[in-house]
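**Student:** Have a look at this prediction, sequence included:
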Amino acid sequence: MPSAIRALKGQTVIINCLYSNKNGEQLRIKWGKKNSAQALCDYTYNKNDAKYTVWHCKEHANITVDLSTNSSSLTIHDLHLEDSSVYFCQLFIEIPPPALMAYGNGTRLTVEASPTVQLRAETLPYPHEGIQLICISLEFYPENIQVSWFQDGQLITNGTKNGRLCANTDGSFSIISFLNLSLFDWNEGRNYSCQVNHSTLSAPITEMISAPNEDVKDNKSLTWATVLRLMILVVATLIAMSAFILYFRLHTGKTPLDNHQARLFSSCGGALQQSRAFSLRSSGY
């Protein structure tokens, strides 16, 4: 038998066993796994009486026996993570007596699981106004995994955070990664992607997201409308200030700035006089 097999959750695996049976009239083949008292499959064959040829299997396993090649195979369907174990076949030659028994060294089956990746965007509540991208990697095994963020194909390191690794009831793991964006960056229309790499993958899984076109258009329209309103406000303010200055000069011969500077100088002079008076009193003059 092969010494080790690796497979993915949900797949089907076949484990083979070769045996020697030269003179046996009735033989029995059992398939089991380490630390389990019950056999997965049990096959009994009597070459002289077909009614003694019986077999049964439990769970999601099947057994095949090829008497011409003295071989047997155990097939396990729809693998689960808990199917990871050491599997072995046992051969019993029950007739003629004395009964003989032999068994193999075993095959170690390791079941792994590839991650399922989901990516979505959520609006952050006040006062943290912005967008949070959430990348969820679900039900993978083993636990080592790499999650990276990209903006238009460029790696992002600022604003990213990974949550803690969560253990699931079936032995797999899940993890959440976050990317926080300002509303301005989000509405720029850039493409953001979450890339997940795991030992079970032949290539990384990449999920991509960007602001809906309607949001980008609305944001650009809002930006131009805001700029236009500000320009109108600035022009109106300048016109009003010019008219006020002209009116003030025609009636007083000075500008408001001249009066404001005069008041400042007057205040400074008063303060200076008070300071001098205090100095004179302190010196006794």
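**Tutor:** Arrived safely, thanks for sending.
**Student:** residue ranges for the strands of the stretch 101-250 of the chain, please.
**Tutor:** Secondary structure of the stretch 101-250 of the chain, counting by DSSP state E, counting those that start in this stretch: strands at 107-112, 116-124, 130-140, 145-151, 154-156, 160-162, 166-167, 173-181, 192-198, 205-209.
**Student:** Parallel or antiparallel, list what pairs with the first one.
**Tutor:** To tie it back to what came earlier, the one meant is strand 107-112. In the sheet, strand 107-112 lines up against strand 4-8 (parallel), strand 85-95 (antiparallel) (DSSP bridges).
**Student:** Of those, which stretch is the most buried?
**Tutor:** strand 85-95 (a mean of 19; mean count of other Cβ atoms under 10 Å). Heads up, the C-betas are built off the backbone N, CA and C, glycines and all.
**Student:** so for that strand, what's the average pLDDT?
**Tutor:** Taken as a whole, strand 85-95 has an average pLDDT of 91.
**Student:** before we move on, what about stretch 68-81?
**Tutor:** Averaging pLDDT along stretch 68-81 yields 94.
**Student:** Pull the residues that contact it.
**Tutor:** Applying Cβ atoms under 8 Å, 6 or more residues apart in numbering, the contact partners of stretch 68-81 are 7-21, 29, 31, 40-41, 43, 60-66, 83, 87, 89, 109, 111-113, 141, 170-172.
**Student:** List only those of the residues you listed flagged as buried.
**Tutor:** 7, 9, 13, 15, 17, 19, 21, 29, 31, 40-41, 43, 61-63, 65, 83, 87, 89, 109, 111-113, 141, 171-172 (16 or more other Cβ atoms under 10 Å).
**Student:** about what we covered before: output the strands of the stretch 101-250 of the chain as JSON lines; include the columns distance to residue 56 and mean pLDDT.
**Tutor:** What follows is these, written out as JSON lines (distance: least, Cβ to Cβ, whole Å; pLDDT from 0 to 100):
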{"stretch": "strand 107-112", "distance to residue 56": "21", "mean pLDDT": "96"}
{"stretch": "strand 116-124", "distance to residue 56": "35", "mean pLDDT": "95"}
{"stretch": "strand 130-140", "distance to residue 56": "32", "mean pLDDT": "96"}
{"stretch": "strand 145-151", "distance to residue 56": "40", "mean pLDDT": "97"}
{"stretch": "strand 154-156", "distance to residue 56": "56", "mean pLDDT": "96"}
{"stretch": "strand 160-162", "distance to residue 56": "48", "mean pLDDT": "94"}
{"stretch": "strand 166-167", "distance to residue 56": "35", "mean pLDDT": "96"}
{"stretch": "strand 173-181", "distance to residue 56": "36", "mean pLDDT": "96"}
{"stretch": "strand 192-198", "distance to residue 56": "38", "mean pLDDT": "98"}
{"stretch": "strand 205-209", "distance to residue 56": "41", "mean pLDDT": "97"}
